[in-house]
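> Below are the sequence and a predicted model for it; my questions follow.
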Amino acid sequence: MMRLDSSLQSTSRRTLMMASTLLFALSCAPACKGGLQQRELSSENKPAANNKTPTQNNKNPTLNNKTDPPIIDPDLCAQKGDCGQERPGDGLRLVRMTHPQWEQATRDVLKLDAATGLSGSFYDDPLGSGNFDNDAQALEVSTQLWDHYREAAETLAAQTVASPERLERLLSLDAPTSGKPQARALIEQVGYRAWRRPLTTPEVDTLLALYDRAPEMFNDGDMHKRGLELALRSILQSPHFIYRVELALSTDGQPIALSGHERAAKLAMALWSSVPDEALLAAAAAGALDTDEGVATQAARMLEDPRARRTLLYFYQQLYKTPSFDKLEKDATRFPNFSASAARAMRQEMERFIEDTIFERSEGLKALLTSRRTFINAELATLYGVSGDFGQELTPAELPTTERAGLLTRLGFLAYNSTAYEQNTIHRGVFINHHVLCAPLPPAPTSFELPDGITGQTNRQRIESATSACGGACHNIFINPAGFAFERYDGIGVYQAKEGEQVVDSSASFKLNGMSAEYKDAVEFSELMSQSIEAHECYSRHLVEFLYGKVPTPNEEPLVKRLGWRSLNEDLSIKELVIAAITSPAFLSRQANQEQP
Amino acid sequence: MRRSRPHLDRRMFIKGAFGVTFSLPLLEGLLTRNAAYAADPNAKPVYAVFVRAGNGVAQQAGSEPERFWPLEMGALSAAMLQRQDSNNTMRAVGELSEFAQKLLIVQGLKYNFPGNGCGHSGGGNQCLTNTPPSGMPERNKSLATGESLDNLIQRTLMPSDPEPLTLAAGRESSYLDEVLSFNLPLNGDTNGRLRSAERNPWAAYKNLFGDPSDQLDDVLYNLLAEQRKSVNDVVREQINDLKRHPALSQRDLQRLELHQDNIRDLEKKMLACHLPTMQVQTIRDAGDRQLFKDHRKVESLAMMQMDIIALAFACDLKRAATLQIGNGNDQTIYDIGQPNTDYPFHWISHRIQGDGGSGSAPSIGNADYFHHLIDRVQMRMFKHLLSRLDEYQTDTGTLLDDSVAVWTNDLANGIGHGYRNVPYLIGGSGGGYLKQGQHVDARDSGTKSNDGWVSHGQLFNTILGAVGVRNADGSPIEDFGHKGGQGHNAPPGGELSGIKA
């Protein structure tokens, strides 16, 4: 049984907060030893050199000799970026679109001004084993989803043929304007966009045959339009639309490059959550995507498109849970300055900062982790303690240098990783370990008991008291030091130098680049993380997972490590990192007809 | 020239006036592919439905007399269930006397974990999950820390459609609304995801069986069916072409086969499953006229939802369903045929004219008796479900025989809002797995906790055995719900041998 000292018993809310905190606090105790050993072994790596060294790895990998396991020399990888030979991809050949991807893809296929929102009624997709909703392994077509696809396709097809303007928009200027020739043009042109490749003659003929049968299946209306409606329904319900398909086949057992159209489809899904546009399809048809340089050129173009902003922002929304900031609720007595509008502004601030850093300034992870630049309104300015003339709209501002540095010290992140009453040191620490440093914390245990006699005047002291013995192996090395760095931010992220009469102690140390790095607070910790191979490799791992739509396997390890090294040592911008990720053999080619893991 | 087309008359499968027995010949043909954790993919399906009421039942507590449980333990009979006790009152379960031989009444069960600031929310959190309420959020916002039984059954036995049917009838509330069905926690989270329940029976009906407005005219219906079939034929051939491609792995092929199966299943569902026209019209009215928002119509709405659940089972569209009656701390005003009883049920359950458990609010005279009358309303609603399930004939009996139809309350009693002796009434034997016609005490055969009561998780383990959900190695599931951790030990597990046939 948990016993609390008198100071705790006097505050039931605090008791609850402690209990909540301890969900994580004590959860990794039984498995901790193994995790610790694993971590200490990997930390034998030499510290990464911070001077910018040109990458030594294979810039233009060949596609042979791919059956060997990845060769990763930790020393070379950390020092020179030579992280082993990259291997061709090993993912599924049929990758179903997520609902956001379906939404954007239908908009682009039908050239609509805005997304239809029809996917809002689809059943939620299951979350796979990773951090993002596009894990191909988890995405299937259930009975309900098939019904929803059908209903949506019927709606879209009917709307399209009912509007001459919408129908006209789908066809090229030189397309026939009536009868079966128009039907053929529609099938070929819409089909090309939807299926991300030219339709074969038999495929066109099959859809035309369906068009011809309209009089059998409708008893009213213009049978030409009815036929077009049937053809559109069929295009949108086709597996060639619902799935992104890779059928590149190796005939000699050797790895094979994806076709130009398959590369275009994969690029569009990764960067735009959609189908290729005409320029990308034209590049594919012209063979311009057969080289890394050609792919990089198209990718650079695509990153300037608003769809790329939305897609990459979605990456952060899932990783940092920014949409949940909107729903934060805090105890009004403790946080009278917190409001629903402040919660919304916290999300907007975080997302605006991310967009600005990536797309306006073309900066990288270091800036994301250390920048003081932000966008705030009057409400947030009060919470940050920033003086100036602020209104309701977010406007550019600089945060106090000694109090804030980067994403992890923003109000929204800190408030989200807090309880309704206080900062949640443990959850903050776990987040840093899991999502910023990819530290190997063991999984939650099967059972534990809250320890007796938790004491302490400050939040930190109570957590140290609770975790010093049971769970200490994990907490003292991984979770607590990461969480304590943020001890100077209260439950809504406001800077607090003192907790009651006690000066807040946010100093700790954490192993980074193989060495124990000491810091006095989150500002210093963020700076140290921004210079660590762990943070850059972790970020790269997340990025590969998101862009590839799969949890990285050992197949992608050399890529992840190389990207991490380049991000750190070459200070790549996020956009450059994205291009590096999608010009890898793991993205652009496939292993020979293997069974996927 | 028009091609002759097949006549796809939905009504060739289901005919009959409301309330009249009718059968579904396509049950076997509509069977859905089973999952790895199903005990026997070829076994006859067993269905599970959980009806939940709130605020506890009027069972013996403090000075209040027993008014809920049967007069006797052991064998149930209609006569015994209908007999009045020494207070000249028929026990609430007497309303189910017609089903005495298909009932299993279990007492002696408890919830294992304390609530986190709100007894109603804490009870709802545990009602179908056997997991502790969350640390955060807390009080009336608390969540279960795991999935609910309906979720596990549905996703295991029907992986192509992992969403259980989640319905509600009666009052909504911003304080505490749905409490019953929980999806698995997301990765990295410990809290289950509370599923919102569909209160509009028309929306539920359309989602499950399609919009019959397309089908009121047979000509239009057949045209629409043929349009869809023609598109599906094209899609099917494209899938077949893909399946023939030598590059595809087994995993890719499995995806395509699942996709193809689901196209077929949906076609059958659209053709085969509808309630009789008059009954559909009643359900349509409830949606169109927003009657489902009027909690005074809770009885008729609950019965509509039960009709939908029974049809969904009969057509094998769902394997698990829940029906929540009223909001979390049910504030529905029930019609109990007594003057001056126009109080929210929650007030009656506290015996005062207010939502607090105590305080200065005036008392409600005879509130415990009124509570008993509400229990009888609940029993009559449950009887409707049993009747509906029993009307569908199968080759070996009725759909009720192949079901586990559970009525429960997420609190044990009204006045105390406690968690001990939570009522569980089970209709149907789960395909012969459970005893029938019995009133048993779980403490006679279950593994007791230190306080002498038996975890309701043991009942859930037994239900999982009945519906055919097993561990991956084929062994029975003996630890559904909390596995320990988060400040609580795992409650004693295993099945309840005393309720197995």
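Perfect, thanks for sending it.

> can I assume B:Ala405 sits in a helix?
No. Going by DSSP: H, G, I helix; E, B strand; the rest coil, the assignment for B:Ala405 is strand, not a helix.

> Give me the buried positions along stretch A:141-152.
Residues of stretch A:141-152 classed as buried by neighbour count (16 or more other Cβ atoms under 10 Å in any protein chain shown): A:141-150, A:152. For the C-beta atoms, the positions are set from N, CA and C on the backbone; glycine is no exception.

> can you check stretch B:493-501 too?
Within stretch B:493-501, the residues that qualify as buried by neighbour count (16+ other Cβ under 10 Å) are B:493-496, B:498-499.

> In JSON lines: those residues, plus pLDDT.
Written out in JSON lines, the entries for the buried residues of stretch B:493-501 read as follows (pLDDT from 0 to 100):
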{"residue": "B:Gly493", "pLDDT": "93"}
{"residue": "B:Gly494", "pLDDT": "94"}
{"residue": "B:Glu495", "pLDDT": "95"}
{"residue": "B:Leu496", "pLDDT": "96"}
{"residue": "B:Gly498", "pLDDT": "96"}
{"residue": "B:Ile499", "pLDDT": "96"}
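
> nearest to chain A, of the residues you listed?
Nearest to chain A among the buried residues of stretch B:493-501, counting by Cβ to the nearest Cβ, is B:Gly493 at 13.1 Å.

> show me what contacts that closest one?
B:447, B:455, B:457-458, B:461, B:478-480 (Cβ atoms under 8 Å, 6 or more residues apart in numbering or on different chains).

> What about chain B: which of the buried residues of stretch A:141-152 touch it?
A:141-147, A:150 (Cβ under 8 Å from any Cβ of the partner chain).

> Just flag the most distant two among those.
With distance counted by Cβ to Cβ, no two of those lie farther apart than A:Ser142 and A:Arg150, which are 12.5 Å apart.

> list residues touching both of those two?
Common neighbours of A:Ser142 and A:Arg150, counting by Cβ under 8 Å, 6+ apart, are absent.

> thinking again about what came up before, which one of the ones next to chain B among the buried residues of stretch A:141-152 is nearest B:Gly117?
The shortest distance between B:Gly117 and any of these, using Cβ to Cβ, involves A:Gln144 and amounts to 35.9 Å.

> Just the pLDDT at that closest one, thanks.
Per-residue confidence (pLDDT) for A:Gln144: 79.

> Is it correct that it is in contact with B:Glu163?
Yes. Proximity of A:Gln144 to B:Glu163 meets the contact threshold set by Cβ atoms under 8 Å, at 6.6 Å.

> joint contacts of these two?
Shared contacts of A:Gln144 and B:Glu163 (Cβ under 8 Å, 6+ apart): A:Tyr123.

> So which residues on the stretch 201-350 of chain A come close to chain B?
Residues of the stretch 201-350 of chain A lying close to chain B (Cβ under 8 Å from any Cβ) are A:206-207, A:210, A:213, A:215-219, A:230, A:233-234, A:237-240, A:245, A:247-249.

> Okay, and which of those residues map to helices?
Counting by DSSP state H, those place A:206-207, A:210, A:215-217, A:230, A:233-234, A:237, A:239-240 in helices.

> show me the contacts for B:Asp444.
B:Asp444 touches B:108, B:498, counting by Cβ under 8 Å, 6+ apart.

> make it 7 Å
Contacts here follow Cβ atoms under 7 Å, 6 or more residues apart in numbering or on different chains; on that basis B:Asp444 touches B:Gly498.

> pLDDT-wise, which helix or strand of chain B ranks last?
For chain B, counting by mean pLDDT, DSSP states H and E, strand B:22-23 ranks last in confidence among helices and strands (a mean of 30).

> How is A:Thr155 assigned, secondary-structure-wise?
Of the three states, A:Thr155 takes helix according to three-state DSSP.

> One more: B:Leu311?
helix.

> Below-threshold pLDDT in the chain: ranges please.
Using chain A here. Counting by pLDDT under 70, the low-confidence segments of chain A come to A:1-81, A:442-456, A:468-474, A:593-597.

> should've been chain B
Flagging of chain B using pLDDT under 70 yields the residue ranges B:1-42, B:213-218, B:268-272, B:356-360.

> the helices in it, which residues?
For chain B, helices defined by DSSP H occupy the ranges B:78-82, B:119-127, B:149-157, B:201-209, B:218-243, B:250-272, B:277-288, B:298-314, B:345-350, B:367-391, B:456-467.

> With distance to A:Glu534 and mean neighbour count added, can I get those helices in JSON lines?
Below are the helices of chain B laid out as JSON lines (distance: least, Cβ to Cβ, whole Å; neighbours: other Cβ atoms under 10 Å in any protein chain shown):
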{"stretch": "helix B:78-82", "distance to A:Glu534": "68", "mean neighbour count": "16"}
{"stretch": "helix B:119-127", "distance to A:Glu534": "38", "mean neighbour count": "28"}
{"stretch": "helix B:149-157", "distance to A:Glu534": "37", "mean neighbour count": "26"}
{"stretch": "helix B:201-209", "distance to A:Glu534": "47", "mean neighbour count": "21"}
{"stretch": "helix B:218-243", "distance to A:Glu534": "42", "mean neighbour count": "18"}
{"stretch": "helix B:250-272", "distance to A:Glu534": "33", "mean neighbour count": "19"}
{"stretch": "helix B:277-288", "distance to A:Glu534": "55", "mean neighbour count": "17"}
{"stretch": "helix B:298-314", "distance to A:Glu534": "51", "mean neighbour count": "25"}
{"stretch": "helix B:345-350", "distance to A:Glu534": "53", "mean neighbour count": "26"}
{"stretch": "helix B:367-391", "distance to A:Glu534": "57", "mean neighbour count": "23"}
{"stretch": "helix B:456-467", "distance to A:Glu534": "42", "mean neighbour count": "26"}
